[in-house]
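Undergrad: From the sequence below, what's the structure:
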Amino acid sequence: MSPLQRREFFGAAGLAAVTSAMLMGSKRAEAGDPSFMNNVPDPLLAGEELPTFKFELEKSEGKIMDGSEAREATVKQLPISKGIAGVSMKLAPGAMRELHWHATAAEWAFVDKGRVRTTVLGPGGYTETNEFGPGDVWYFPRGHGHMLECLGNEPCHFVLIFDNGYFSEFGTFSITDWIGHAPRTLLAKNFSLPESTFDAFPKKEVYFAKGSIPPNRAAAPLAGPKPPPLTHKWQLLANDPLVDNKGGRLWLVDSTKFAISKTITGAVLELEPGALRELHWHPNADEWQYVLEGKVSITLFGSGGRYRTETFEKGDVGYSPQGYGHSIENIGDGKCRILIGFNSGVYEEIDLSEWIAGNPSDVLATNFGQPASLFDRFPRRDIFIAPAENQDHGARGTGAVGRS
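TA: Next up, the predicted model:
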């Protein structure tokens, strides 16, 4: 993708954001988006020091049943993470995350390993069954019923991102929990079946159901197929990266491409050893990070000179609140990969190099109290990802490291 194409992408995303804001108005906050509409300071972020923004998710306690696992990061585990929650889930062969729905959050997921089949039901009786492999993502709008099952003889692992930090995966609405606690007389009347039909049904939530390995070809729904107008599946890593240079790559999809994903944008950032995802911020969303591979250093900048750096390894989760400056640096010996989620359906970012390059040298000279000639050595365009060997821009003239 050329620089012009990328600029058009970001321009289109910005236009979409403006249009969405005009249409939605005060409804922006309904999806868990901390839009700061009331300008109420967050007490957690108002202290003299920034709070921790790291949680060792894969080292935490979770729900473990017959080889399947689920671990979550909400505001309970990571108090700063008020806009986004996340779950790491592993399913054993033959296991299924039972039919359920989320009343207070939409679900976006990235498949890390193995194969997964999902079914989802939306208003109007629309259903879709999809199969996912590594690098694929799904999105289920808030309140849509769905299930997830492992395909084949190997376990699968996927990471779930929810657009509400207060959401708990363990507080979902499960079908066995509902049917198990509803009076049998009510169930019999509802389904026009004898009460005895439900005698052997589970009496409490199953959560992870265990059965035979699913057939290679999914069977049709009892009611027959009724495909939805928008698909719930996107093959993220099968597409070309949005950014690709010597320092690394960024795969990203938002609602301008994946139309159903109206409240979450997802990305995979890959950095070469020593490379830096430069200092930047997001004006319209919080950022949630899950380290898939490698070792990284993440910085967070807040107003009033507050600055915090933390080191992350595989399985750790990070969080940068909306509007807070941050950067990600690969400090390991090999490539690193970070899964990133934003609680907005349209991607927006402002990079520090881009901001500097967007001002004339006399303005910069006055602002920093430095000779105007000094800024002739700064990059003339957005760096986005800085390779390790190019991080000393003083010896490179303009020092420009483009996105391609």
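Undergrad: number of nearby residues for the residue lying closest to residue 287 once chain neighbours are set aside?
TA: Sequence neighbours aside, residue 320 is the residue nearest to residue 287 in space, at 4.3 Å (criterion: CB to CB, 6 or more residues apart in numbering). In this view, the C-beta of every residue, glycine as well, is placed from N, C-alpha and C. Around residue 320 sit 27 other residues, with neighbours defined as other CB atoms under 10 Å.
Undergrad: And residue 233, by the same measure?
TA: Here the count is done by other CB under 10 Å, and residue 233 has 16 residues near it.
Undergrad: Likewise for residue 280?
TA: When neighbours are defined as other CB under 10 Å, residue 280 has 21 of them.
Undergrad: quick one: it and residue 349 touch, right?
TA: Yes. In this structure residue 280 lies within contact range of residue 349 using CB atoms under 8 Å: 5.4 Å.
Undergrad: Tell me where this structure has helices.
TA: Using DSSP state H, the helices assigned to the chain run over residues 3-24, 175-181, 184-191, 352-357, 361-368.
Undergrad: Now do the first one, average pLDDT.
TA: This means helix 3-24. The predicted model assigns helix 3-24 a mean pLDDT of 52.
Undergrad: Next: stretch 314-329.
TA: 97.
Undergrad: distance from the centroid: which residue in this structure tops it?
TA: Checked against the mean C-alpha position of the chain, the extreme residue using CA atoms, centre = their mean is residue 194, at a distance of 44.7 Å.
Undergrad: Near the closest residue to that one other than its chain neighbours, how many residues? Count them for me, please.
TA: Leaving aside its chain neighbours, residue 194 sits nearest to residue 188 (6.3 Å; criterion: CB to CB, 6+ apart). Using other CB under 10 Å, residue 188 has 15 neighbouring residues.
Undergrad: so what's residue 101 bridging to?
TA: The residues paired with residue 101 through beta bridges, assigned by DSSP bridges, are residue 173.
Undergrad: and what of the one 10 residues further on?
TA: According to DSSP bridges, residue 158 are recorded as the beta-bridge partners of residue 111.
Undergrad: can you check the one 4 residues further on too?
TA: When assigned by DSSP bridges, residue 115 has beta-bridge partners residue 151.
Undergrad: my read: it touches residue 133, true?
TA: Yes. Under the contact definition of CB under 8 Å, residue 115 touches residue 133, with a separation of 5.5 Å.
Undergrad: what about the residue nearest to residue 194, distance to residue 91?
TA: Relative to residue 91, residue 188 is positioned 33 Å away (CB to CB, to the nearest Å).
Undergrad: Likewise for residue 281?
TA: Taking CB to CB as the measure, residue 281 and residue 91 are separated by 36 Å.
Undergrad: gap between stretch 323-332 and the chain center?
TA: 16 Å (CA atoms, centre = their mean, to the nearest Å).
Undergrad: Could you work out the end-to-end span of it for me?
TA: Terminal residues of stretch 323-332 lie 28 Å apart, using CA to CA, to the nearest Å.
Undergrad: Buried ones in it, by neighbour count?
TA: 323-330, 332 (16 or more other CB atoms under 10 Å).
Undergrad: coming back round to it: more neighbours: residue 281 and residue 91, which one.
TA: Set side by side, residue 281 and residue 91 show unequal neighbour counts under other CB under 10 Å, the larger going to residue 91 at 24 against 19.
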